[in-house]
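> Next input, structure requested:
(one chain, ligands or ions: 2)
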Amino acid sequence: MSSESDFDAEGIVFVDSDEEILRQTKVVFEGRVQLLESVADAESSVIGGDADVVFIGPSLATEEGIAEAAALSELDPDLLVVLVAPADVSGEVLRAAVRSGLHDVVEAPLTITAVTEALKTAERTHRRRVEPTPEPTKPLAEGRIITVMAAKGGSGKTVFASNVATLLARWGDPERVVIADADLQFGDVALVLQVDPKHTVVNAAKEGERLDGQFLETVLATHSSGMRVLAAPLEPAFADEVPTVTYTKILGMLREMFDYVIVDTAPTLDERLLAILDKSDVVLFVVDMDLPSVKNAKLALETLRILNYPANKIKLVLNRSNSKARLDVDEIERSLRLPISASVPSDGLLPASVNEGIPIVESHPKSKPARAFEDVTRIVMEARPVAQDGQKKRRFGR
Ligand SMILES: Nc1ncnc2c1ncn2[C@@H]1O[C@H](COP(=O)(O)OP(=O)(O)OP(=O)(O)O)[C@@H](O)[C@H]1O
Ligand SMILES: [Mg+2]
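Ligands and ions are numbered 1, 2, ... in the order given. Below is the predicted model of the structure:
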């Protein structure tokens with residue numbers, strides 16, 4: 001997997017006649033590739049010199065679509081044309097693609113990885129000069145920590161964390177996913193997932209220096225999906241028994257033990273949260289669609305900037321995006337100086353799912369919020385882990 005931070009979207013065009021496919025592609029590429037509805041539109045782009053690579057989407061994977069796409073190459077001999085074929089593409093279509101000289105065929109849906117690979121192939125065949133992609137700072141086989149934060153209470157952190165974790169568990173190996181509740185006073189992850197924890201993080205913290213992976217494993221609860229849960233203390237007073245340095249050590253251990261460590265947090269930008277952010281590979285920053293939330297988010301992000309926190313780790317996600325607040329999304333992006341990666345609409349199904357203890361992606365997988373959580377999860381999966389420990393820049397702490 002490659003990250004959008006080292007991905008040059010300039011000159012990349014995706015064509016598909018299906019609105020939903022265009023929407024999903026927009027989400028995956030965070031709106032940075034040119035999305036067009038027809039090959040005719042792509043033609044204008046090629047003639048205008050705006051396209052270096054054209055990906056022909058799965059809706060156009062027909063013999064007719066391929067004939068049209070092949071004509072694009074004649075407009076510019078250096079242009080790379082790649083078919084994004086559905087899994088069940090017919091042999092005839094594939095043969096037509098090869099015969100008409102399309103440069104590559106990749107499987108739908110189009111991902112950043114597939115684009116990067118296609119560009120590498122192009123480079124190998126000397127059809128196009130591309131800058132080599134920098135090596136990932138960590139092998140992708142290693143786990144990653146995804147922290148969900150917000151600058152205001154009740155923004156939807158726990159709802160995001162529990163739904164993203166559930167999807168990661170469903171789409172991959174549930175035993176490789178753990179959700180950790182870092183809201184040590186009022187954490188409710190176990191509650192919203194209907195898990196009855198026998199142990200909590202306090203048991204792990206009490207082990208002190210002796211704590212090892214084997215013991216940590218016994219402290220984790222198991223959700224009905226198979227994913228694991230590191231529960232918050234049962235009472236607010238116990239939070240003091242888990243020093244920040246211990247909590248971040250535990251997160252580091254979980255990263256060794258799991259592919260995905262999803263961390264739900266408390267709504268306070270304190271030293272504990274800063275230390276957790278320091279340790280995180282991806283930060284989902286939830287912004288509720290009301291003015292106080294946007295104001296707080298702006299202040300929090302300014303603080304992170306002052307502390308030199310790498311902005312490319314932060315993915316802004318909007319909650320209750322269809323709310324009556326009617327705030328302008330462009331304005332929010334301008335104010336926060338970051339793009340919004342995904343938006344989850346306001347929906348009465350969500351409080352109901354919280355009360356039932358079943359994430360909406362399980363109880364109503366086809367609902368709009370569930371679809372939106374799928375978008376958020378794709379963003380998490382596409383993001384590249386960043387080296388954390390022992391890196392050159394110490395950002396937080398004294
Ligand atoms: N998109 C949404 N539509 C409707 N209700 C929502 C939405 N997102 C969250 N809620 C509701 O808002 C409430 C708060 O959500 P949640 O507990 O996830 O917030 P939080 O940020 O974790 O809060 P806290 O700061 O207290 O930890 C919940 O009852 C949840 O059901
Ligand atoms: Mg919460």
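> wait, what's in contact with the residue in the stretch 201-350 of the chain that ligand 2 sits nearest to?
Nearest residue of the stretch 201-350 of the chain to ligand 2 (Cβ to the ion) works out as residue 264 at 5.9 Å. (C-beta placed from N, C-alpha, C; glycine too.) Going by Cβ atoms under 8 Å, 6 or more residues apart in numbering, residue 264 touches 148, 157-158, 161-162, 179-183, 187, 189.
> Equivalent analysis for residue 230, please.
Residues touching residue 230, when contacts are defined by Cβ under 8 Å, 6+ apart, comprise 178-181, 200-201, 204, 219-221, 250, 254.
> tell me which residues form a beta bridge with the residue lying closest to it once chain neighbours are set aside?
Spatial nearest neighbour of residue 230, chain neighbours left out: residue 180 (4.1 Å); criterion: Cβ to Cβ, 6 or more residues apart in numbering. Partner residues in beta bridges with residue 180: residue 230, residue 263, with DSSP bridges as the criterion.
> Quick one: neighbours of residue 180, just the number.
Neighbourhood size, residue 180 [other Cβ atoms under 10 Å]: 28.
> That one contacts residue 254, doesn't it?
Yes. Look at residue 180 against residue 254 with Cβ atoms under 8 Å: they come within range, at 6.4 Å.
> Roughly how far does residue 35 sit from residue 25?
For residue 35, the distance to residue 25 equals 6 Å [Cβ to Cβ, to the nearest Å].
> so where does residue 355 fall, helix or strand?
Counting by DSSP states H and E, the secondary-structure element that holds residue 355 is helix 349-356.
> got the buried residues for whichever helix or strand comes after that helix?
Once the chain leaves helix 349-356, the next helix or strand it forms, by DSSP H and E, is helix 360-363. Residues of helix 360-363 classed as buried by neighbour count (16 or more other Cβ atoms under 10 Å): 360-362.
> Spatially nearest residue to residue 31 (excluding sequence neighbours)?
Taking Cβ to Cβ, 6+ apart as the measure, residue 31 lies nearest to residue 339, with 7.0 Å between them; neighbours along the chain are not counted.
> doesn't residue 30 make contact with the one you found?
Yes. Proximity of residue 339 to residue 30 meets the contact threshold set by Cβ under 8 Å, at 6.0 Å.
> Comparing the two, which residue is more hemmed in?
Between residue 339 and residue 30, counting by other Cβ under 10 Å, residue 30 is the more crowded of the two (18 against 12).
> Got the confidence number for that one?
We have a pLDDT of 87 for residue 30.
> correct me, but it touches residue 317?
No. Contact between residue 30 and residue 317 fails when scored by Cβ under 8 Å: they sit 11.5 Å apart.
> and for these two, which residues touch both?
Contact criterion Cβ under 8 Å, 6+ apart; residues bridging residue 30 and residue 317 by contacting each: 341, 379.
> Show the residue spans covered by the helices in the stretch 101-250 of the chain.
Counting by DSSP state H, counting those that start in this stretch, residue ranges of the helices within the stretch 101-250 of the chain are 112-124, 157-171, 189-192, 201-206, 213-219, 244-257.
> Would you mind finding the most buried of those helices?
Most buried of the helices of the stretch 101-250 of the chain by mean neighbour count (mean count of other Cβ atoms under 10 Å) is helix 157-171; its value is a mean of 25.
> In contact with the residue in the chain that ligand 2 sits nearest to, which residues?
Closest to ligand 2 within the chain is residue 158: 3.3 Å, counting by Cβ to the ion. By Cβ under 8 Å, 6+ apart, residue 158 lies in contact with 148, 183, 188-189, 192, 264, 354.
> go again using 10 Å as the cut-off
Under the criterion of Cβ atoms under 10 Å, 6 or more residues apart in numbering, the contact partners of residue 158 comprise 148, 150, 179, 181, 183, 186-189, 191-193, 264-265, 286, 354.
> returning to what we had before: and the contacts of residue 264, which is closest to residue 55?
Distance from residue 55 was checked for each of the contacts of residue 264 by Cβ to Cβ. The minimum falls on residue 148, at 31.6 Å.
> about what we covered before: ok, the contacts of residue 158 vs ligand 1, which is closest?
Within these, the smallest distance to ligand 1 is 4.1 Å, found for residue 354 (Cβ to the nearest ligand atom).
> My guess is that closest one contacts residue 160. True?
No. In this structure, residue 354 sits apart from residue 160 without contact. The criterion is Cβ atoms under 10 Å, and the distance is 11.8 Å.
> returning to what we had before: just curious, which of the buried residues of helix 360-363 is nearest to ligand 1?
Taking Cβ to the nearest ligand atom as the measure, ligand 1 sits nearest to residue 360 out of the buried residues of helix 360-363, at 9.0 Å.
> nearest residue to that closest one other than its sequence neighbours?
Across the structure, with Cβ to Cβ, 6+ apart as the measure, the residue nearest residue 360 apart from its sequence neighbours is residue 353 (4.2 Å).
> how many other residues sit next to residue 348?
Residue 348: 8 surrounding residues under other Cβ under 10 Å.
> from what I can see the residue nearest to residue 31 touches residue 27, true?
No. Contact criterion Cβ under 10 Å: residue 339 and residue 27 do not qualify, at 11.5 Å.
> okay, and the common contacts of the two?
The contact lists of residue 339 and residue 27 share no entry, where a contact means Cβ under 10 Å, 6+ apart.
> Tell me if I'm right that residue 23 and residue 37 touch.
No. The pair formed by residue 23 and residue 37 falls short of the contact definition of Cβ under 10 Å, at 11.9 Å.
> So which of these two has more stuff around it?
More neighbours sit around residue 37 than around the other of residue 23 and residue 37, counting by other Cβ under 10 Å; the figures are 15 against 12.
> Show the model's pLDDT score for the more buried one.
For residue 37, the pLDDT comes out at 95.
> before we move on, what about the one 10 residues further on?
Looking at residue 47, its pLDDT reads 81.
> my read: residue 170 touches residue 377, true?
Yes. Distance between residue 170 and residue 377: 9.3 Å, which falls inside the contact criterion (Cβ under 10 Å).
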